[in-house]
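> here is a sequence with its predicted model. Questions after.
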Amino acid sequence: MDVDTEEADYIQRHRLPPKPRPEDWLLEWDVIERSPLGLASNRAVHVAVQQFLVEVAKQLGLGSYVRATAHVLYMRYYLYSDHIVPVTRAELEPGSGRGTSEWTAPAAVPFDPYQMASAAVFLAAKVEECPCSLSKVIYLSVKTRTRNSRTHPGGLEVYEGTERFVEEKQQLLFAERALLRATHFDLRMDHAYRYLGAVRDLLQRSDCIGECPASWWERVYARAWAAVTKSFGTVGCLHFRGRDLAAAAMALEAVDTAAPERVDEAGLEALERWAGWEVLGRHEHPDVKRHPYQILSLEHVPLCDYGLGISREEAIEAIRRGVIRRVYEQHT
């Protein structure tokens, strides 16, 4: 077999999945559960890594949007990790061309999940237009990752210019490129945060909920935001649309259903009867489709006959599966 045929055969055997359409990132539950991300044997690892991701992002001063984007990028990578083209150090080294005359099928670079989480945070900060220093990402990632170890109980501090820093930098940049490659450079996100304000504003302007003071709505909004934030510890964003998760979070608080873990049957019946679905389920107004959070700032736009296209069934399913859960204050 000549070199060109060998390379073509290797690429064919390790080909990328077809470039996803926007809706293709929303998968059925059985597909998610069969993926590397859904395996029970990997679940504890991913939970620990996602807690690490949140801690590093907070230390970097990154907000909810960036943390959510990092979560989604991380999960998209491990959702398809068995199907991406293996990436080699030589192939990703800047300026290093691959000579076809000496080309051999390379071995895949194994990425530690913690390294991939650090790369997801670094990339997410750029996606959300609040980039942070690479050296700071490396410093905090390594220190957090090695904290409580036998040799470095306070965490290893890696400074720019050291040999360890160069190694960590290469690993992070390799992981970032692998992450981009696995996701087809598709960095579009549809977070529930975008819709929370619009859900609140539509309901507040309608009379379906009754006369509630503005302070009540702000409380519902704040707790719904917390519920959405907690949902990123699950795989729910790979199945549910952002608008449905936002509606589920607002509905759960508005109906005032006690749900420390999952809603019982009586709670689900109350949610089914919630009057807010009629308002939220209406079609979107074309002028607010791209920017739902600006729903009240648009002038001369008749909104009374429009909603956000919420699916009641999907929103309630998110609550039933525990993707959206009540977040209670911690009293110490």
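Ah, there it is.
> out of everything not next to it in sequence, what's closest to Val327?
In space, not counting the residues next to it along the chain, Val327 is nearest to Ala226; the distance is 4.1 Å by CB to CB, 6 or more residues apart in numbering. Where C-beta positions appear, they are placed from N, C-alpha and C, glycine not excepted.
> which residues does Gly309 contact?
Arg243, Gly281, Arg282, His283, Glu284 (CB atoms under 8 Å, 6 or more residues apart in numbering).
> does the closest residue to the last one other than its chain neighbours sit in a helix, a strand or a coil?
In this case it means Glu284. The shortest distance from Glu284 to any residue other than its chain neighbours is 5.2 Å, reached at Gly309 (CB to CB, 6+ apart). Of the three states, Gly309 takes coil under DSSP: H, G, I helix; E, B strand; the rest coil.
> that older thread, can you get me a residue count around the residue nearest to Val327?
Ala226 has 18 neighbours, counted by other CB atoms under 10 Å.
> same question, Leu308
Applying other CB under 10 Å, I find that Leu308 has 24 neighbouring residues.
> surely it and Val199 touch.
Yes: the criterion here is CB atoms under 8 Å, and Leu308 meets it with Val199 at 6.7 Å.
> how about whichever strand or helix holds Lys169: buried residues?
Here Lys169 sits within helix 163-182, counting by DSSP states H and E. Buried residues in helix 163-182, counted by 16 or more other CB atoms under 10 Å: 165, 168-169, 171-180, 182.
> now, which of the residues you listed sits nearest Arg145?
Glu168 (9.9 Å; CB to CB).
> for the closest one, which non-adjacent residue is closest in space?
For Glu168, ignoring the flanking residues on the chain, the nearest one in space by CB to CB, 6+ apart is Ile138 at 4.9 Å.
> quick one: residues contacting the one you found.
Counted by CB under 8 Å, 6+ apart, Ile138 has contacts Ser118, Val158, Phe165, Glu168, Lys169, Leu172.
> tell me the helix or strand right after the lowest-mean-pLDDT helix or strand in the chain.
Ranked by mean pLDDT, DSSP states H and E, the helix or strand of the chain with the weakest confidence is helix 89-92, at a mean of 40. For helix 89-92, the following helix or strand on the C-terminal side (DSSP H and E) is helix 113-127.
> that following helix packs against which elements?
helix 40-59, helix 64-79, helix 134-146, helix 163-182 (3 or more CB pairs under 8 Å, 6 or more residues apart in numbering; DSSP states H and E).
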